[in-house]
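# Build me a structure from this.
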Amino acid sequence: MDKNTQTFLACTAEYEVSDVVLFGAPFDGTTSFRPGARFGPSAIRCESIGIETYSPYCDRDLTDCRIFDGGDLQLPFGNTQKVLELIKRYTAKLLGDQKRFVMLGGEHLVTLGALRAATEHYRDLHIIHFDAHADLRTDYLGEELSHSTVIYQAWKLLGDGKIHQFGIRSGEKYEFEFAEEHTIMHKFDLGTFSKTVGQLKGKPVYFTLDLDVLDSSVFCGTGTPEAGGVTFKELMDALLELHKLDIIGCDINELSPHYDQSAGSTAVACKITREILLQITK
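Below is the predicted model:
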């Protein structure tokens, strides 16, 4: 484990002493609308110098944490199965070394690689999923592996009652019908998140954040923007509750930086990354 040369803010600890590992999964090979999420991880690192290491939201500082930035995985184009296997292999090492992790996507399908490793380490794993889209399609244009199918694929790993979805406001009718039977879906907002946090205390939790859960007026730099999303403050209020949970790993996905020439969306992603790192660093 060699330290990345360009790190996110103060994530400069050595791997051996780190509590949390940050790494990137720059893949967007199944993007259904506008590509570009592969550039998300590098943009977040580059633009992170524009924010401070200190968070006034939780009164903590990244300089007081031991976080290792492992850089971006080298992922091949045109071989989705191999991409997922490489992510799984890397994540399995982190979990085996008792590290918590934050993965920067990339499109949302990268979550599946990490989940394949996590479900082998934790039998009672639950998923918290923030997103505009249900991602419960069984296939997209005949392909079972897609960022539009990732939560359906997660359900195949975990089964009923283990996936808690928030902010969902887009999907095929059958996806919402499927959710009524198999997942726990909270449509449109994050208003019931505190209740779910109380229910999941003491259980291993994987947190997956698709940044398009935010309203497109806040976050337009994404491949599939959806109007009617949550505000930055609403998202931040929810993130500040993550420390109450046993978050074993998480991901932050779907920043496509070049769709927002102001770099405002990337700045939003940077601040969210900082807050999540602080929340899961015990």
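# so what's the residue nearest to residue 132 when sequence neighbours are not counted up against?
Distances taken as C-beta to C-beta, 6 or more residues apart in numbering place residue 226 nearest to residue 132, at 3.8 Å, with adjacent residues excluded. No exception for glycine: its C-beta is placed from N, CA and C like everyone else's. Contact analysis of residue 226 by C-beta atoms under 8 Å, 6 or more residues apart in numbering lists 132, 133, 169, 170, 212, 216.
# Can you lay out those as CSV showing pLDDT, distance to residue 188 and neighbour count?
Output for the contacts of residue 226, formatted as CSV (pLDDT from 0 to 100; distance: C-beta to C-beta, whole Å; neighbours: other C-beta atoms under 10 Å):
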residue, pLDDT, distance to residue 188, neighbour count
132, 98, 10, 28
133, 98, 13, 26
169, 98, 5, 18
170, 97, 10, 18
212, 98, 14, 28
216, 96, 15, 17
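# and the two most separated of the residues you listed?
133 and 216 (12.9 Å; C-beta to C-beta).
# Is the residue nearest to residue 132 in a helix, a strand, or coil?
Secondary structure, DSSP: H, G, I helix; E, B strand; the rest coil: residue 226 is coil.
# quick one, phi psi at it?
According to degrees, to the nearest 10, the main-chain angles of residue 226 amount to phi -130, psi 120.
# Quick check: it vs residue 1, distance?
37 Å (C-beta to C-beta, to the nearest Å).
# Counting neighbours, what do you get for the nearest residue to residue 35 once chain neighbours are set aside?
Leaving aside its chain neighbours, residue 35 sits nearest to residue 28 (5.1 Å; criterion: C-beta to C-beta, 6+ apart). Look at residue 28: counted by other C-beta atoms under 10 Å, it has 25 neighbours.
# same question, residue 100
20.
# try residue 94
26.
# next one: the one 10 residues further on
For residue 104, the tally of surrounding residues (other C-beta under 10 Å) stands at 26.
# With residue 243 instead?
Residues near residue 243, counting by other C-beta under 10 Å: 15.
# before we move on, what about residue 265?
27.
# what does residue 176 give?
15.
# And the one 3 residues further on, by the same measure?
Each residue near residue 179 was counted by other C-beta under 10 Å, and the total is 21.
# what does residue 192 give?
Count around residue 192 with other C-beta under 10 Å applied: 12.
# Leaving out chain neighbours, which residue sits closest to it?
residue 186 (5.1 Å).
# Kindly report the same for residue 49.
residue 9 (7.6 Å).
# Contacts only, for that neighbour.
Here residue 9 is in contact with 48, 49, 51, 53, 62, 274 (criterion: C-beta under 8 Å, 6+ apart).
# What's the ChimeraX syntax to select whichever of those are buried?
Only the buried members of those enter the following ChimeraX selection, criterion being 16 or more other C-beta atoms under 10 Å:
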select :48,53,62,274
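# Least confident of the contacts of residue 9?
Within the set of those, pLDDT is lowest for residue 49 (93).
# if I've got this straight, that one is in a helix?
Yes: secondary structure of residue 49 (three-state DSSP): part of a helix.
# going forward can the numbers begin at 49, since that is how I track them
New numbering, starting at 49: the last item is residue 97.
# What distance do you get for it to residue 88?
17 Å.
# tell me the pLDDT at residue 52?
According to the prediction, residue 52 has pLDDT 64.
# wait, I meant residue 115
pLDDT, residue 115: 97.
# which ones are touching it?
Residue 115 touches 58, 59, 60, 61, 66, 67, 68, 69, 70, 325, 329, counting by C-beta under 8 Å, 6+ apart.
# With adjacent residues omitted, what lies nearest to residue 137?
residue 165 (7.7 Å).
# er, residue 65 I mean
Nearest residue to residue 65, sequence neighbours excluded (C-beta to C-beta, 6+ apart): residue 114, at 5.6 Å.
# before we move on, what about residue 128?
Residue 128 sits nearest to residue 193 (C-beta to C-beta, 6+ apart), 5.0 Å away.
# what sits up against stretch 87-107?
Contacts of stretch 87-107 (C-beta under 8 Å, 6+ apart): 54-58, 72-74, 108-111, 117, 120, 152-154, 284, 288, 291, 300-306, 311, 314-315, 317-319, 321-323, 326-327.
# if I look at residue 112, how far off is residue 58?
Applying C-beta to C-beta to residue 112 and residue 58 gives a distance of 9 Å.
# quick one, which of the two is more surrounded?
When residue 112 and residue 58 are compared for neighbours, residue 58 comes out ahead with 19 against 11, by other C-beta under 10 Å.
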